[in-house]
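# For reference, the sequence and a predicted model appear below.
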Amino acid sequence: MELTVKQENLAKALNIVGKVASSRTSLPILNNILFRTNGSRLLIAATNLEIAVSENVGAKITSPGAITIPARIVSEFISSLPKGNVSLKVEGNHLKIESGNYSSTINGVAADDFPELPTVEEKDSIQYLINASEFREAVAQTIITTSNDTTRPILTGVFWHSFEGSLYLAATDGYRLSEKKLMGTRSEVAAIIPATSLQEVMRSLNDDISEVEIMFDDIQVKFKVGDIEIVSRLIDGKFIDYRQLIPKSTDTNIAVAKAEFVRIVKISALFARDSGGSITLKADEDAKKLTIHSIASELGENTSEAEAEITGGGEVTLNSRYILESLNVISSDKINFGFSGKLAPTVIRSATDDSYTHIVMPLKS
């Protein structure tokens, strides 16, 4: 294999692909990145057997071929080179790299030992074409409530599913839950995508990308983001019937400016660090005030309040981090916040967009 490629294009591709190469594996080949000519382009790919990421980069091909190279050294070396043309030449199981005054030879492994890259057959798949900004928002709003508990795999992913003619995303870690209505659909789909895979897709998005193409088959999902393809295994299992956890109505309803809500939660959280982030929210319908109280045995205590439109009164104790994370992914200037007593789920929504629902379970005060 012999070819010439632009340093900036190669470095960008290696940055996207290289992070999938796993150093914690019993298969040393998975530490490597695959370089393989693909017509007039260079295919760069990596996999950890759960997810595979590949990108085709424009190149001037002198002779075709393939090799695998340790991800870390080749990524760091290429990113350190100045902009300009980089020549790659395979000699045996070695890759010779030259660029201006720089020359290096990196020991590789034959491409025959590299796992076959997974594919999703387009004709047999369920396909969606989603606006990139809408995709980014929907994933950001749901991925925050996925779980890290690997003993319950279905909770470590985002549930993509059709319901009453629309495509929804949902996720829960047992303490909070999020649901996003994304778009209309005529297809029937029910698939749990690992949060780690969605993070790779989010990382590959840039301002030049306008659409994300998604294809589902029975066991895998493929994302096409410009010249990048990401194929991931789906999580096997049936997602919980989460809709029964979303209250149809709440006894106490609060409409408050997001900026003020964020501010008083942040201030109260400073005093709640020693109590697991526990803060108590109190709604006063007569005074039209939302008050947040927090206590730290060593530091003291804090009471912060904001003006709000309130129907019904009462109080509830919540985790301050959970509230802040939910508010950070809602773009609206005004927030609707509702609860029914101290133990029922609390509901957080935008005041102007009902496509997103965020549920936080109360703490025992």
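The structure has been received and is ready for your questions.
# give me the number of residues near the closest residue in space to Ala21 that isn't next to it in sequence?
In this structure, Ala21 finds its nearest non-sequential neighbour in Ala71, 3.6 Å apart by C-beta to C-beta, 6 or more residues apart in numbering. Just so you know, the C-beta spots here come from the backbone N, C-alpha and C atoms, and that holds for glycine as well. When neighbours are counted by other C-beta atoms under 10 Å, Ala71 registers 21.
# Quick check: phi and psi at Ala71.
The phi/psi pair for Ala71 (degrees, to the nearest 10) reads phi -60, psi -50.
# is it true that it touches Leu30?
No - with contact defined as C-beta atoms under 8 Å, Ala71 does not count as touching Leu30 (9.2 Å).
# Spell out which residues are contacts of both of those two.
With contacts taken as C-beta atoms under 8 Å, 6 or more residues apart in numbering, Ala71 and Leu30 have 21, 46 as neighbours in common.
# which other residues reach the helix or strand containing Gln141?
Using DSSP states H and E, Gln141 sits within helix 132-143. Outside of helix 132-143, the residues within contact range by C-beta under 8 Å, 6+ apart are 158, 169-171, 178-180, 182-183, 195, 198-199, 201-202, 205, 209-212, 225, 329-331, 356, 358.
# What residues sit buried inside stretch 338-349?
Neighbour-count burial for stretch 338-349 flags 338-340, 344-349 (criterion: 16 or more other C-beta atoms under 10 Å).
# now stretch 215-228
For stretch 215-228, the neighbour count (16+ other C-beta under 10 Å) marks 215-217, 220-226, 228 as buried.
# export the helix holding Gln141 as CSV, just CAs?
Provided in CSV are the C-alpha atoms of helix 132-143 (Å, rounded to 0.1, in the frame of the first residue of the first chain):
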residue,chain,number,x,y,z
ALA,A,132,-28.4,17.0,13.1
SER,A,133,-29.4,19.7,15.6
GLU,A,134,-32.6,17.8,16.6
PHE,A,135,-30.7,14.6,16.9
ARG,A,136,-28.1,16.3,19.1
GLU,A,137,-30.8,17.8,21.4
ALA,A,138,-32.8,14.6,21.7
VAL,A,139,-29.8,12.5,22.6
ALA,A,140,-28.4,15.1,25.1
GLN,A,141,-31.8,15.3,26.8
THR,A,142,-32.1,11.5,27.3
ILE,A,143,-28.6,10.2,27.7
